Each structure stands twice: as C-alpha cells, then as structure tokens.
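A.B. asks: Predicted model follows, preceded by the sequence.
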Amino acid sequence: MTDSLRPVARTRLYEQVMERLREFVEQEAMHAGDRLPPERDLAERLDVSRTSVRQAIVALEVQGLVEARHGGGTYLLRDRLDAEPLETMIDRRRRLPDILDARDALETKLAALAADRHTAADVAAIDAALAEMAEAVERGELCAAEDQRFHGAVTAAAHSPLLADFMAEIAQPIAESRTESLRQPGRPAQSLKQHRRIAAAVRAGDADAAAAAMHHHVAAVGHVKLLGWHDETDG
C-alpha cells in the first residue's frame, strides 16, 4: 500500500506568521536584544488577528528564540528566528515526560552508586566538568556539552556497566531534554548550582543526599515551557 492517502497536513496560520517574522528579522538585520514591533502593529501589517500573532510569539518563546516580557514587548534572544517545525515540537512534547521518567529512575540510582563507589579520579572528573560549566555559564553559553560531561562523569563514577549501557541507549532523548531545559532563561546557572549539590553529596559519600539532589535536578529539568504549550490542531 502506498502512502498517497496519508493524512493531509493541517495548516496553521500562526506558523505562517512565524515564517514572516523570521524573514523580517533577517531583512532588518536584527540581533539578540532587539525588540520586535508590538503585536497590534504586526497583526495590521500581516493582515491577521492578534491571536495568530500571539500564538506565533508563544511558539517562538517555547523554542527559546524570543522573550515576551509582560507589558514590555517581545525581544529576540537569538540573532535569527530559525524555528523548528511545529510537528517536531508536538512530537518532542509528547515524548518528554517519558524521557524524564527514565532519567529520574536511572540517574538518581547512578548518583547514589557514585557516592558509594567513586574514586579520587572520578571526583576529579566531576570537578573538572563543574569547572568547565562554570566558565561556560560566565560566557553566557547554553552549556549543553558541559552539562553532558558532568552527567557522564557521575555515570562513570557509579561503576555500573549495565546502567551505563542503559544511559547510552537513551543518549539522544536525554540530549533533547537537556537542550530543552538549558534554553530556558537563567537555566544554565540554576543547573550549575544543582550539579554542585550533586557533586558535594557524591564527594561526601552520602548516597541518600546524592540521590535526592539528582532527583531534584531532573525534576527541575522538566520545568520547561514546552510542557505547558498546546497547539490547537494537536489531538
């Protein structure tokens, strides 16, 4: 059977608005920190409702491309509005809760084991990852690579080959959840503080505290705007 009768894609007016905004930012050579025109002006110039403009801005905000300040307008967080397809966002939102459940189950246990089994070399690797993340935070970067290195160091310190294999199997979904979390405003600095608490518990050999700190961290990773976003054509 061919897929010629596959479901017809439902068009979204606000997705077209997002594309027009992308073109506008590019043509006007706008940069991070610049303010977009007010919603009313955008609606008039694009000949759409303010609701469609607002939906487009919310979708861009969920992706970490703009920041809508209450009563203060909408500002670019990046130099370009290269938004991902909405279907990709919908799919990722559906998967994220399961990914977070898996991370909590695996990484909480790994943190406890790391507290019990770590070597001096393991602690040195964890501390090196923390130092790199602190430098990246200071530079205002997303810190995804540094975050990954920290969690990898904790996994290695647990000395559990089978759990490490499980982590490797879901590396790509974990990377998605990491990026989703770290692009929330202020999140890299918050994540660094949480990592330091995990590291301190591991260093002290306190398995319960390490597990609790990792559980708190994974829960915080799940506090993302994507999970509160809903596309009107989804479902």
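C.D. replies: Nice, thanks for sending it over.
A.B. asks: Val53 reaches Asp41, doesn't it?
C.D. replies: No. When contacts are counted by CB atoms under 8 Å, Val53 is not listed as touching Asp41 (9.3 Å). Backbone N, C-alpha and C define where each C-beta goes, glycine included.
A.B. asks: Surely Ala134 is within a strand?
C.D. replies: No. Ala134 is assigned helix when assessed by DSSP: H, G, I helix; E, B strand; the rest coil, not a strand.
A.B. asks: if I pick it, what's in contact with it?
C.D. replies: Leu192 (CB atoms under 8 Å, 6 or more residues apart in numbering).
A.B. asks: in which helix or strand would I find the residue nearest to the spatial centre of the chain?
C.D. replies: Nearest to the mean C-alpha position of the chain, by CA atoms, centre = their mean, lies Glu180 at 1.3 Å. Element membership of Glu180 [criterion: DSSP states H and E] is helix 171-182.
A.B. asks: pLDDT of stretch 108-127, averaged?
C.D. replies: Mean per-residue pLDDT for stretch 108-127: 98.
A.B. asks: what number of residues lie near the residue nearest to Gln63 when sequence neighbours are not counted?
C.D. replies: What sits nearest to Gln63 in space, not counting adjacent residues and going by CB to CB, 6 or more residues apart in numbering, is Ala83, at 5.7 Å. Ala83 is flanked by 20 other residues according to other CB atoms under 10 Å.
A.B. asks: Next: Ala157.
C.D. replies: Using other CB under 10 Å, Ala157 has 26 other residues around it.
A.B. asks: Pull the contacting residues for it.
C.D. replies: Taking CB under 8 Å, 6+ apart as the contact definition, Ala157 lies against 113-114, 117-119, 122-123, 125-126, 202.
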